[in-house]
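Visitor: would you be able to build a 3D model of this:
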Amino acid sequence: MTAPVIIYPEGVCDMSEVITEYRNENTKDIDLLSTIDIVRKINEEDKLVPLAIEDELPNIAKAIDMIAKQFLMGGKLYYFGAGTSGRIGILDASECPPSFGVPEDMVTGIIAGGDKAIRTAAEGAEDNFEQGVKDAQVLTDLDVCVAISASGNPKYLLGVLSQADKVNCRTIALTCNHKALILEEAGLGICVEVGPEVIAGSSRMKAGSVQKMVLNMLSTGAMIKIGKTYENFMIDLMPTNEKLKDRAIRIVAEIAEVNNSRALQTLLECDWSVKTAIIMLKCNLNKEDAQELLRKNCGVLRRALVSFSQV
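Guide: Numbering: from 1, shown residues only. As a prediction, the model looks like this:
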């Protein structure tokens, strides 16, 4: 198959250099297969994703430490992407406030083409360098910018990274192509190559899975590093519905070693603050003293419990 060639005003981009556009030799007959064999083929390819990510764990760890450091300095995390990549960034960002109790703007996803592109394809938006520069005006020198793209070549993201560089914002590139241009422009690169897609060029598949898994690692890892968990509990969750209230009760009961009724009673006394309830129960403190102990320990539950035990 002849690789597509896209002509830009400044020259020619040969898409044969982009691995996400290659044809997958294992699925050339996919249109002739039974349904069960189609899903087996897809499943076989999907199994390659976590193995490929394993090779990039050192760079992912560096990215997490970078993000956590900037969070502690008051910085924010921004995901930028076009199409599938932009939507996945928005998904991960939108889950952070309810999961970790952080402000809504602490992690933000921005998609080329604006909010309309979340639901409606805006394929040409990725070619707009100037819009990337404009959208990245939100960045400061305290923030971290993650540019997400399977191919790694959208002009939109090059504009984002250009503006990020101007304001000394930390930058990370997440791509599935080792020849990606965003790898050259970002301060830190995460390149997870999973090979050609089941359907040539359909980077919402393996490449999309890569992006979802890596962004989960980045946001979750950074939240762990800044004390948003205790053991493997989400102790800063916002109990805004019945499911989350039930989870909060179980977390308090487990950590404070009390029954569910006592946990619920204490949570009601402190307006459903999981960390405050735990300290009240484990340290035998009233709400005000528990809140003060947390404040002195920057809101980190483990640190607060250790400091109380040393008094």
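Visitor: which strand or helix spans the residue most central in space within the chain?
Guide: Nearest residue to the geometric centre of the chain (CA atoms, centre = their mean): residue 215, 2.9 Å. Here residue 215, judged by DSSP states H and E, is contained in helix 206-225.
Visitor: and the next helix-or-strand element following that helix, what other elements does it pack with?
Guide: Using DSSP H and E, the next helix or strand after helix 206-225 towards the C-terminus is helix 242-256. On a contact count with 3 or more CB pairs under 8 Å, 6 or more residues apart in numbering; DSSP states H and E, helix 242-256 meets helix 260-269, helix 274-283. For every residue, glycine as well, the C-beta is placed using N, CA and C.
Visitor: now do the strands in the stretch 1-150 of the chain.
Guide: Under the criterion DSSP state E, counting those that start in this stretch, the stretch 1-150 of the chain contains strands at 5-8, 11-14, 77-81, 107-111, 144-149.
Visitor: quick one on the thing from earlier: so how far is residue 75 from the residue nearest to the residue nearest to the centre of the chain when sequence neighbours are not counted?
Guide: With sequence-adjacent residues excluded and distances taken as CB to CB, 6 or more residues apart in numbering, residue 215 is closest to residue 92, at 4.2 Å. In this view, residue 92 and residue 75 are 17 Å apart by CB to CB, to the nearest Å.
Visitor: repeat for residue 56
Guide: The separation that residue 56 has from residue 75, given CB to CB, amounts to 23 Å.
Visitor: cool, and residue 106?
Guide: When residue 106 is compared with residue 75 (using CB to CB), they lie 9 Å apart.
Visitor: which one's more surrounded, these two?
Guide: Taking other CB atoms under 10 Å, residue 106 and residue 75 do not tie; residue 75 has more neighbours (21 against 18).
Visitor: just checking, that one touches residue 143?
Guide: Yes: with contact defined as CB atoms under 8 Å, residue 75 reaches residue 143; the gap is 4.7 Å.
Visitor: OK, contacts around the residue nearest to residue 215?
Guide: By CB atoms under 8 Å, 6 or more residues apart in numbering, residue 92 lies in contact with 79, 107, 109, 212, 215-216, 218-219.
Visitor: which of these are buried? Put it as a PyMOL command.
Guide: Restricted to buried positions by 16 or more other CB atoms under 10 Å, the PyMOL selection for those reads:
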select buried, resi 79+107+109+212+215+218+219
